[in-house]
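Novice: quick one, fold the following:
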Amino acid sequence: MIRVLLFAELEERLGRRELQLKPENGLNVEGLRERLITDYPELQGIENAMPAVNEEYARADTKVSDGDTVAFIPPVSGG
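Specialist: As a prediction, this is how the structure comes out:
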């Protein structure tokens, strides 16, 4: 399984911090993001979140495999 962690507004919109998804062959971060938007329309805006795979920031083309943890961290603003 792929463990997906959601933070801040993404967690609030979905009402959950964590999801477990079945892996797919050849899946990358961008494909996972698209799958999440399709399966969970309330996650619109996830395209602006910074992805991390196994606690390291990742690019859209980073491969995602069974056993990985993928986090989506929305931009933070403050003052």
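Novice: what about Glu47, how many neighbours?
Specialist: Neighbourhood size, Glu47 [other C-beta atoms under 10 Å]: 13. Every residue, glycine included, has its C-beta placed from N, CA and C.
Novice: right, and it touches Arg33 too?
Specialist: Yes. Taking contact to mean C-beta atoms under 8 Å, the distance of 6.4 Å between Glu47 and Arg33 places them in contact.
Novice: which non-adjacent residue is nearest the most centrally placed residue in the chain?
Specialist: Against the mean C-alpha coordinate of the chain, by C-alpha atoms, centre = their mean, the closest residue is Phe72 at 4.2 Å. If you skip the residues right next to it in sequence, Phe72 has Ala49 as its closest partner in space, 4.0 Å away by C-beta to C-beta, 6 or more residues apart in numbering.
Novice: was I right about that neighbour contacting Arg13?
Specialist: No. Using C-beta under 8 Å, Ala49 and Arg13 do not qualify as a contacting pair, with a distance of 11.5 Å.
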